[in-house]
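Participant: heads up, no residue letters with this:
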């Protein structure tokens, strides 16, 4: 493979992080492992003493674990969905982005999918879901759709990675057996390329409905009950929009972080951030539109139970978080991203962090107020999470960062063969494609 | 040479594992349908969900197998595999 | 099949709380102590709401005992992922404690918020341990529980009438709260059986169910309070 040797020299920067590991990496890993170990300790403590060690109580009996579940699964929509849509729409600027996005999905989905287990009072009885689960329960819809999404997104991450793994194998990078095992005998022949392309095409079409279904089904956990504030028909699309929104923000943060850490400035250019941040701005406006219609219909209807929840959100104990959510999700991104002067990489980073925080708050605003305002006159408690919940939250984030770092040390974060393909074939292809967009013959040539 | 066979065995094992996983999920869902029928507990809803869920997993396993077989078939020569 | 249900006459209820106490001892409901209770982890299968009307000194209080309503169309059983809660043929919404995985989905789905969770392993003072009701299992931590309409009493009554070789009659099976009510404000029986008092009472013009508009069809009827001159 003569041209692949040439690639090594051209895209050396993408392989360097795999070949060389600095002390910073080990230091980060140690810190992360400490956080994870502490989270593990608090979880063991929770299993021993029961959920009493958390801040959960009546009537707010779902708290951080469910919030984080929805939040992490939301973040997971970054990847596969965005990368599939960009691939499907032949957006050429996707090439350095897709893999970074897909990795987020695979890791965050594994973390988010495990969160309901943290929430269980009897995790030892998990197997009851397999022996006598009920498919009519929205929780079972979740189990199936998250499993499907996890399987689909790992396959969708892995298959486009095969040529890159072969590059690593041919370079003799250790552990060699791993790359030999994973590269599936890739040699870059025409037949192999055809097979791979066909598989990617089927997968990207398949992954989009699965991704949409996952967050729809998560919203159904809430929407299928008849509780005020939850029993809403727009919850499905509202959650999907929120998920893509937070996903893009998370993707931007990861891209900015690794661009700095791995010196990828040559690959992740300003233009990529500009395009993605435009998408973030659009999602921010869409999110606002959904939030507005959700609250306006409930407010205008003025049903007493709905009103109690809404007033609790607007002016009650949770109101600071509600308004902060509005600022983080709409005002900050709008102000920063709509202005070309502030739409720089630091600006985009601030907007993205604000969106991730805002979307977490949104999950909080959805889960807690409806529970805190039962219909009958119970004494209402305030939900204050304890150290257990905070440390498990931190643990979840630490597992994500660690997973991402380990992945980045084993595989290239930017698809080498796709960059190469872009360089070698797509420029001509795009020019050809562009001519087909234009009228066949100039109509008037004067 | 021995290393190569070992890796091939591992690859076959992983594909087999994917199929076991998919079949396991299918058996699991079918079991839930059976239980729901036995206990008269919304059998129709369970059936409807399973019709959507099971094919998705099978398609994934089929794609993986297709790629695995396709890539093996598309290799240049047997000895080229560990040329480097 | 009988359809067990309850009628509570709010005119007769004095809010004495005897039903709450009887329930707590009958069902071995865990005692959580003031600290946990302050966090909102009080465990009550039977609760009493008190409504205050008017300003001091002309305050009027109204009381409303609240068991589980054993809905005919229960929102809680629909969502259970493992069949730990279901509506049996006699209309009782039951909990299977050894089956429950503790996801608390039924608890958040109940529009009446009657279910509660064992946040910690239940403990009783040493003196009380021997006073636990042997007919009712002690729940482990991490499961959801609620009022059972004292279904264990139904089992006992069934065995009793089998021994006596007769049919189950009104009064053979009543929950502890109904049995103890000093003013006779609570009635229990088969809602579909014309011989039972509840069948007549539920058709009274004073009868109402809590939040009928939700379509849950609760099997607990209240007889509204009327001014008695």
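Facilitator: Sure, I can see it. Just so it is clear, the model here is predicted, and its values are computed rather than measured. Numbering: from 1, shown residues only, chains lettered A, B, ... in the order given.
Participant: just checking, residue A:187 touches residue A:163?
Facilitator: No - with contact defined as CB atoms under 8 Å, residue A:187 does not count as touching residue A:163 (9.6 Å). C-beta: built from backbone N, CA, C; applies to glycine.
Participant: ok, the residue nearest to the spatial centre of chain B - contacts?
Facilitator: Taking CA atoms, centre = their mean, the centroid of chain B lies closest to residue B:19, which sits 2.8 Å from it. Shown in contact with residue B:19 (CB atoms under 8 Å, 6 or more residues apart in numbering or on different chains): B:61, B:65.
Participant: again, only using 7 Å
Facilitator: Going by CB atoms under 7 Å, 6 or more residues apart in numbering or on different chains, residue B:19 touches residue B:61.
Participant: can you check residue B:64 too?
Facilitator: So residue B:64 contacts A:155, B:15, B:18 (CB under 7 Å, 6+ apart).
Participant: Tell me the most packed of these, by neighbour count.
Facilitator: Counting neighbours by other CB atoms under 10 Å in any protein chain shown, residue A:155 leads the contacts of residue B:64 with 21 neighbours.
Participant: Need the three-state assignment for that one.
Facilitator: helix (DSSP: H, G, I helix; E, B strand; the rest coil).
Participant: What separation is there between it and residue B:20?
Facilitator: In this view, residue A:155 and residue B:20 are 16 Å apart by CB to CB, to the nearest Å.
Participant: With residue A:296 instead?
Facilitator: 51 Å.
Participant: ok, which residues in the stretch 1-150 of chain A are in contact with chain C?
Facilitator: Proximity of the stretch 1-150 of chain A to chain C, by CB under 7 Å from any CB of the partner chain, involves residues A:49-52, A:57-59, A:61-62, A:116, A:119-122, A:125-126, A:128-129, A:132-134, A:136-140.
Participant: and the residue in chain A that chain C sits nearest to, what are its phi and psi?
Facilitator: When scored by CB to the nearest CB, chain A has residue A:121 as its residue closest to chain C, at 2.2 Å. Backbone geometry at residue A:121, expressed as degrees, to the nearest 10, gives phi -70, psi -30.
Participant: tally of neighbours for it?
Facilitator: Neighbours around residue A:121, by other CB under 10 Å: 26.
Participant: ditto for residue C:107
Facilitator: Quick note: residue C:107 (other CB under 10 Å) scores 24 neighbours.
Participant: burial count for the residue nearest to it when sequence neighbours are not counted?
Facilitator: Nearest residue to residue C:107, sequence neighbours excluded (CB to CB, 6 or more residues apart in numbering or on different chains): residue C:115, at 4.2 Å. Using other CB under 10 Å, residue C:115 has 23 other residues around it.
Participant: Counting neighbours, what do you get for residue B:73?
Facilitator: Counted with other CB under 10 Å, residue B:73 comes out at 12.
Participant: Now do the contacts for it.
Facilitator: Neighbours of residue B:73 in contact, by CB under 7 Å, 6+ apart: residue A:191.
Participant: ok, 10 Å please
Facilitator: Applying CB atoms under 10 Å, 6 or more residues apart in numbering or on different chains, we find residue B:73 in contact with A:185, A:189, A:191, A:192, A:195.
Participant: so, if you compare those residues, which one comes nearest to residue A:227?
Facilitator: Top of the list for closeness to residue A:227, among those and by CB to CB, is residue A:195 at 49.7 Å.
Participant: buried set for the strand or helix carrying that closest one?
Facilitator: Residue A:195 is part of helix A:190-223, with elements assigned from DSSP states H and E. Using 16 or more other CB atoms under 10 Å in any protein chain shown as the test for burial, helix A:190-223 gives A:192-193, A:195-196, A:199-200, A:202-204, A:206-208, A:210-223.
Participant: Stretch A:172-187 - what's its average pLDDT?
Facilitator: Across stretch A:172-187, pLDDT averages out at 82.
Participant: Could you list the low-confidence segments of chain C?
Facilitator: Within chain C, the stretches with pLDDT under 70 are C:227-229.
Participant: Around chain B, pick out the residues from chain C.
Facilitator: C:77, C:78, C:83, C:86 (CB under 10 Å from any CB of the partner chain).
Participant: do you know how far the nearest residue in space to residue C:119 that is not next to it in sequence is from chain B?
Facilitator: Using CB to CB, 6+ apart and skipping the chain neighbours, the partner closest in space to residue C:119 is residue A:52 (3.9 Å). Residue A:52 sits 32 Å away from chain B, going by CB to the nearest CB, to the nearest Å.
Participant: Before I go, just wanted to say thanks for your time.
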